[in-house]
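1. build the 3D model from these lines:
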Amino acid sequence: MIDTAIILAAGRGQRLDPLTRNRPKALAPFFGVPLLEHTLRHLAAAGIRKVFVNAHYRSRDLVAHARSRVAGSIDLQVVVEERLLGTGGALANLRRFVSGSALVVNGDNLLRIDIPALLRAHEEHAGALTLGVLPVVSGRAGHLVETDGDHGLRGLRRVRGKAAVPGNVHCHFNAGVLVARRDLLDELEERPHGLEDEALPRLLGRGGKQLPLRVVALDGVVEDLGTPPAFVRSHVEALHCAERVDEIRRTVEVVEGTKGRLFWDGERRVAWLRSPEDLSLPEVSVQECFLGRGTRLMEGVELSRSVVLDGAWVGEGAVITDCLIGPGSQVEAGARLRGQCVPAAGFLGQTTPAGPLSGEEVHAG
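-> Below is the predicted model of the structure:
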């Protein structure tokens, strides 16, 4: 039985800036709770009992978070990298904690997959590595995975835009989820290098007979939350699904030790966590939003479509559309933020916050 998992979380997380300016990407708040905690609950439900997280950027934050957690069914240990080792080097560094096989996932992914099915497939196929894949999505960047049609890994190719699928080749996308045996980890070098770009192609070049590399289609969804637009979109999509809302609310209650408040009237869908008790819905116009911890709403505020606010203060008269606003942000009265606008650590009355991603207007009153 596989009960060990590795979460790769050492990187800077620059794609998710500004949420990663003052925290590691694994602690970015998904519905107010660190993404790491959502992952740990998913792993625990699949029978995982030991989890090792590699850390480099703001490693002290991850260490402090691990120490502050309420003891549960998972034994969590943070392993600090003195220098960034990449995915291949990180797994080589962590192999001392693996005796049989270990599940490996990325720290900036939200998992909604059948992990037990993946672990069973790994054991049934007797592979040294089982790579989880998802269907090819047009326009998606990542690693295109080529197979031989019989669960064997044939090759990997990085694509940065529209994926060109070779003819007569079975292709999928690498989901950032895999299971690796200890003997495969022993083949990796403890130096900075990538697993998909260097280590696996090298092993494939040797024929893969002694260390068979397998591919399995995952049952479920792996959401890459590594960019602000993806982070926003995931919140909004979750609010459309009652089952997901209930699951998220349970996670919040367990991790934060408090009840989450949900308002859902069929037209406006909005979740507040730890919002002020004197909040009055008729004073604001809200649709499909998540408002983070400590949010203050004033009369006349209009929040429309996909808005994520984490600990923000929004003044009277503000109009905010499709925005992700970083932790500690403040938006003074009269501010207008349009499009995928991402202020930095926060602003109050500034005329030039961190600038829009979509080219729409940004001004503060």
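
2. low-confidence ranges, the stretch 101-250 of the chain, go.
-> 137-140, 161-170, 207-209 (pLDDT under 70).

3. actually, the stretch 251-365 of the chain.
-> 257-318, 322-365.

4. quick check: bridge partners of Gly132?
-> Note on Gly132: beta-bridge partners by DSSP bridges are Val177, Val216.

5. I figured it hits Leu218, correct?
-> Yes. Contact criterion C-beta atoms under 8 Å: Gly132 and Leu218 qualify, at 4.5 Å. C-beta coordinates here come from the backbone N, C-alpha and C atoms, glycine included.

6. with neighbour numbers in mind, choose between those two.
-> Set Gly132 next to Leu218 and count neighbours by other C-beta atoms under 10 Å: Gly132 wins out with 28 against 22.

7. contact partners for the more buried one?
-> Going by C-beta atoms under 8 Å, 6 or more residues apart in numbering, Gly132 touches Ile113, Leu118, Asn174, Ala175, Gly176, Val177, Leu178, Val179, Val216, Ala217, Leu218, Val222.

8. so which of those wins on neighbours?
-> Note: the member of the contacts of Gly132 with the most neighbours is Leu178, at 29 neighbours, neighbours being other C-beta under 10 Å.

9. so that residue sits against Leu129, correct?
-> Yes. Using C-beta under 8 Å, Leu178 is in contact with Leu129, at 6.2 Å.

10. quick one on the thing from earlier: and for Gly132 and Leu218, which residues touch both?
-> Residues touching both Gly132 and Leu218 by C-beta under 8 Å, 6+ apart: Ile113, Leu118, Ala175, Val177.

11. tell me if the second one really is in a strand.
-> No. In this structure, Leu118 is helix, not part of a strand, as judged by DSSP: H, G, I helix; E, B strand; the rest coil.

12. any idea how far it is from Leu111?
-> Distance of Leu118 to Leu111, given as C-beta to C-beta, to the nearest Å: 10 Å.

13. next: the last one.
-> Val177 is 7 Å from Leu111, where distance means C-beta to C-beta.

14. circling back: mind picking the two most distant members of the shared contacts of Gly132 and Leu218?
-> The two members of the shared contacts of Gly132 and Leu218 with the most space between them (C-beta to C-beta) are Leu118 and Ala175, at 9.7 Å.

15. which SS class is Arg202?
-> Using three-state DSSP, the structure places Arg202 in helix.

16. how many neighbours does it have?
-> Residues near Arg202, counting by other C-beta under 10 Å, number 13.

17. equivalent analysis for Asn109, please.
-> Residues lying near Asn109 (other C-beta under 10 Å) number 22.

18. and if you look at the one 10 residues further on?
-> The burial count assigned to Leu119 is 20, neighbours taken as other C-beta under 10 Å.

19. next up, the contacts around the nearest residue to it once chain neighbours are set aside.
-> Nearest residue to Leu119, sequence neighbours excluded (C-beta to C-beta, 6 or more residues apart in numbering): Ile2, at 4.9 Å. Listed by C-beta under 8 Å, 6+ apart, the contact partners of Ile2 are Ile48, Gly100, Ser101, Ala102, Leu103, Leu119, His122, Glu123, Val179.

20. can I get those in TSV with secondary structure and distance to Ala90?
-> Putting those into TSV (DSSP: H, G, I helix; E, B strand; the rest coil; distance: C-beta to C-beta, whole Å) gives the following:
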residue	secondary structure	distance to Ala90
Ile48	coil	18
Gly100	coil	19
Ser101	strand	17
Ala102	strand	12
Leu103	strand	14
Leu119	helix	21
His122	helix	20
Glu123	helix	24
Val179	strand	16
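
21. buried ones among the residues you listed?
-> For these, a burial check counting by 16 or more other C-beta atoms under 10 Å picks out Ile48, Ser101, Ala102, Leu103, Leu119, His122, Val179.

22. against Asn54, how distant is the fifth one?
-> Taking C-beta to C-beta as the measure, Leu119 falls 21 Å from Asn54.

23. same deal with the fourth one?
-> In this structure, Leu103 lies at 14 Å from Asn54, with C-beta to C-beta as the measure.

24. what is in contact with Leu118 and Leu111 at once?
-> Listed as contacting both Leu118 and Leu111 by C-beta under 8 Å, 6+ apart are Val177.

25. one step back: need the overlap of contacts for Val177 and Leu111.
-> Common contact partners of Val177 and Leu111 (C-beta under 8 Å, 6+ apart): Val105, Val222.

26. tally up the residues packed near the residue nearest to Asp219 when sequence neighbours are not counted, please.
-> Spatial nearest neighbour of Asp219, excluding adjacent residues (C-beta to C-beta, 6+ apart): Asp114 at 4.1 Å. For Asp114, the count of nearby residues is 13 (other C-beta under 10 Å).
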